[in-house]
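Colleague: How does the following fold in three dimensions:
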Amino acid sequence: MSDLLTSLTTELRRGTLTLAVLSQLSTPQYGYSLVQRLENSGVVIEQSTLYPLLRRLEKQKLVTSSWDTTESRPRKYYVLSTYGNEVYKQLKKEWEKTSLELQQLLRGEEENESN
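Modeller: Prediction:
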C-alpha cells in the first residue's frame, strides 16, 4: 500500500474509531475488555491508540472513569456520561446518514462504470 493510501486510510479510520469506542461504553469497560469487544466485532485498535482516545473523550466529558481496586489488579473503567450518550446518539445518526449517502454515491459510480 502506498504511503498516501496508508495516510488516507488512517484518516478515514480515525473518526470511525471514536464512534466505535463510544458504541461500546454504555456499560463500564476497562481498556483491555474494550479492545477485545472491538476486535470481536472486527475493529482492530492498538492500545497505543485506545488509551489516548479514552483520555481525550474523558477530557471532552463524553466518558467518565473510575478505578476498581477490588481485584488483585486495579482497573480503570470507562463509561459514557449522560452528555456522552447524547453525543453518541447524534454521531450515530450522522454516521448512518453519511454512510447511506456514500453508499448511494459509490453505487452510482459502479453503475456509471458498467454503462
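
Colleague: my guess is residue 25 meets residue 63, correct?
Modeller: Yes - counting by C-beta atoms under 8 Å, residue 25 touches residue 63, with 5.9 Å between them. Glycine gets a C-beta too; all of them are placed from N, C-alpha and C.

Colleague: could you pull out the helices for this protein?
Modeller: For the chain, applying DSSP state H gives helices covering 3-23, 31-40, 47-59, 82-114.

Colleague: circling back to that earlier point, neighbour count: residue 25 and residue 63, which is higher?
Modeller: In terms of neighbours (other C-beta atoms under 10 Å), residue 63 is the more surrounded of residue 25 and residue 63; the figures are 26 against 23.

Colleague: Quick one, grab the pLDDT at that one.
Modeller: Model confidence at residue 63, given as pLDDT, is 98.

Colleague: now do residue 1
Modeller: At residue 1, the pLDDT value in this model is 67.

Colleague: before we move on, the earlier item: overlap in contacts of residue 25 and residue 63?
Modeller: Here residue 25 and residue 63 have 78-80, 84 as joint contacts, going by C-beta atoms under 8 Å, 6 or more residues apart in numbering.

Colleague: what's the neighbour count on residue 92?
Modeller: The number of residues near residue 92, taken as other C-beta under 10 Å, comes to 13.

Colleague: out of the helices of the chain, nearest to residue 68?
Modeller: With C-beta to C-beta as the measure, helix 31-40 is the member of the helices of the chain nearest residue 68 (11.5 Å).
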